[in-house]
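Participant: just to be clear, the model below is a prediction. Sequence and coordinates:
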Amino acid sequence: MSEHEHEHEIDMSGFDEALAASGEQPAGDDATRQLAERTEDLQRVTAEYANYRRRVERDRTVVVDQAAERFAGQLFPVVDDIERARDHGDLTGAFKVVADRVLGLLDGLGVVRFGVPGDPFDPALHEAVLSDTSPDVSVPTATTVLRPGFRRGDRVLRTAMVGVTDPETPAAGEPAAVVIDGETDQPGPAAG
């Protein structure tokens, strides 16, 4: 120990004797209580800060997601025009390069296209604008896709505009069976 450190040493040898003579409780109980209070305060402040950081990160993620979805939504009409140009064979040369870059932007945002003929009709994903019947399907099916849909993760950004084909009913003009309280009531011949 250096000479400088000896200068700052405090002689505590008479402190406990003086405290006992005064009749006061040792400072250890008070110090322990204060330590517990400060520890509790520190834990509370730490928990509040952790919650604040989580809330800020969650809000930041929501803002980024909303901005990405808004930007993607503005590209959908351009993508529709690109798809129409592709269908007509006009997607060539420099226009194809630009189209590929626009479609690459959607890929970069995590936007996925959906809606192909043959998909089972789902009102949460499809907007039905046409309807017909066919014996070739057993469930309502999106047989015509007029405009593709887009989603990002689980979130649907635009529903697909489709024509829906329902299965044909058993026989035209025959009344349908009615289900009452879980039992099927088949219509019978008219009494008379």
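Facilitator: Arrived safely, thanks for sending. Numbers count the residues shown, from 1 in each chain.
Participant: regarding the chain, what is its longest helix?
Facilitator: Using DSSP state H to define each element, the chain has its longest helix at helix 27-87.
Participant: tilt between the very next helix or strand once past it and helix 27-87?
Facilitator: Following helix 27-87 in sequence order, the next helix or strand is helix 93-108 (DSSP states H and E). Following axes from the mean of the first three to the mean of the last three C-alpha atoms, to 10 degrees, one obtains 150 degrees for the angle between helix 93-108 and helix 27-87.
Participant: from memory T143 sits against T133, does it?
Facilitator: No: taking contacts as C-beta atoms under 8 Å, T143 lies outside contact range of T133: 10.8 Å. (Each C-beta comes from the backbone N, C-alpha and C, glycine too.)
Participant: joint contacts of these two?
Facilitator: Counting by C-beta atoms under 8 Å, 6 or more residues apart in numbering, the residues touching both T143 and T133 are T165.
Participant: okay, those two: which has more neighbours?
Facilitator: Neighbours were counted for T143 and for T133 using other C-beta atoms under 10 Å; T143 has more, 18 against 14.
Participant: can you give me the buried ones in the helix or strand containing the more buried one?
Facilitator: Following DSSP H and E, one finds T143 within strand 141-147. Using 16 or more other C-beta atoms under 10 Å as the test for burial, strand 141-147 gives 141-143, 145, 147.
Participant: and for stretch 159-170?
Facilitator: Of all the residues in stretch 159-170, those buried under the rule 16+ other C-beta under 10 Å are 159-165.
Participant: any weak-confidence spans in the chain?
Facilitator: 1-27, 170-192 (pLDDT under 70).
Participant: now with 80?
Facilitator: Filtered on pLDDT under 80, the chain yields the residue ranges 1-28, 169-192.
Participant: what angle separates the longest helix of the chain from strand 141-147?
Facilitator: Using the same axes, to 10 degrees: helix 27-87 against strand 141-147 is 80 degrees.
Participant: just give me the neighbour total for the closest residue to A72 other than its chain neighbours.
Facilitator: Nearest non-adjacent residue to A72, counting by C-beta to C-beta, 6 or more residues apart in numbering: V111, 4.8 Å away. When neighbours are defined as other C-beta under 10 Å, V111 has 24 of them.
Participant: quick one: contacts for V111?
Facilitator: By C-beta under 8 Å, 6+ apart, the residues touching V111 are 72, 150-152, 157.
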